[in-house]
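[1] Below are the sequence and a predicted model for it; my questions follow.
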Amino acid sequence: MNEAKYIWKNGEMVAWKDATTHVLAHTIHYGNGVIEGTKAYKTADGYAIFRLNDHTKRLLESAKMTLIKIPYTVEELNQAQIDLIRMNDFQGDNVYLRPFAFLGYGVMGVYHVHAPVETAIAAWEWGAYLGEEGLQKGIKLKIASMTRPANTSNMGKAKATANYLNSQMAKFEAIDCGYDEALLLDDQGYVAEASGASFFMIREGKLITPPSDNALESITQKTVIEIAQDMGYEVVRRRITREECYIAEEAFLTGTAAEITPVRNIDGRTLGADCRGPITEIIQSTYFDIVFGRNEKYKHYLTFV
């Protein structure tokens, strides 16, 4: 992991190595914490954080869902992320930010509301989540044997740490079987999302992506829908079945870490020409122009450091 100089913790900048917690912190034992994934890109005018306010707002919404009282405002957390980028003196093309809140030391047992809340933000240089080759040529996707938990037993719209055990097991299964990433269905057999990204497929020139019925409301997914519609593509949000994925002309994943990652194969079925499809390439190129500050129309999504 690429360590940085500082981590923001509970309102103060501390050295990376000193940002520690107790082994009996409540979240370690019971899994209730909330996270965000935000990214800063090096533009011609310096680092700019993409859709900072949206990500910070979602962090606080996740905390409200899971009954974690973060003692900071959106504005305070936004400023902390800006300050963190400035103080760490990064040099790379992009920096990943991880704001999160968790329950610290002081209470044991499942009832969590009296546990102290710890808030932290880390940042580090991180390359392509699914590999540079994946961004260029596309990845292999496996539909996982396990499903996303139903809404009756889970809070899928919270970006909660506990939700990622499901993702970890699905991701392991996919890689163990020779694939790059996992795609999870919901409890009704329809596509939910990948282990850490949203799913799009293209059929007859239309972009199709599932609703967020039991999945995170993705900020990158919203961005892709907006830019695709602005370019004149029809975007449809509806349920997608497993077999539909197999006959898609193109497919790709979206997410802060995944960015726009093409999918060339699903469960051994080749999509299109077994490479990044032409519409995917246009969407991907447009997205990178936006986050690197090369598209004036979408500069309102950038917070310059």
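    Arrived safely. Not measured: the values here are computed from a predicted model. Numbering: from 1, shown residues only.

[2] Mind checking what secondary structure Lys42 has?
    Under DSSP: H, G, I helix; E, B strand; the rest coil, Lys42 falls in the strand class.

[3] what's near enough to touch it?
    With CB atoms under 8 Å, 6 or more residues apart in numbering as the criterion, the residues that contact Lys42 are Gly92, Asp93, Asn94, Phe292. All C-beta atoms are positioned from the backbone trio N, CA, C, and that covers glycine.

[4] Which helix or strand contains the first one?
    Here Gly92 sits in a region with no helix or strand, counting by DSSP states H and E.

[5] how close does it get to Ala150?
    40 Å (CB to CB, to the nearest Å).

[6] From the opening residue of stretch 195-211 to its closing one, how far?
    As for stretch 195-211, its first-to-last residue distance stands at 16 Å under the measure CA to CA, to the nearest Å.

[7] Could you give the separation of it from the chain centroid?
    16 Å (CA atoms, centre = their mean, to the nearest Å).

[8] So which bits of stretch 103-112 are buried?
    Of the residues in stretch 103-112, those buried under the neighbour-count criterion (16 or more other CB atoms under 10 Å) are Leu103, Gly104, Val107, His112.

[9] Regarding the last one, what is its secondary structure?
    Going by three-state DSSP, the secondary structure assigned to His112 is coil.

[10] what residues are up against it?
    His26, Tyr30, Asn32, Leu67, Leu103.

[11] I'd say the second one and Val107 touch.
    No: with contact taken as CB atoms under 8 Å, Tyr30 and Val107 are classed as non-touching, separated by 9.8 Å.

[12] Tell me where this structure has helices.
    Taking DSSP state H as the criterion, the chain contains helices spanning 26-30, 52-65, 74-88, 132-137, 164-176, 219-230, 242-246, 278-291.

[13] picking that back up, how about the buried residues of stretch 103-112, which pair is most distant?
    Checking the buried residues of stretch 103-112 against each other with CB to CB, the farthest-apart pair comes out as Gly104 and His112, at 10.9 Å.
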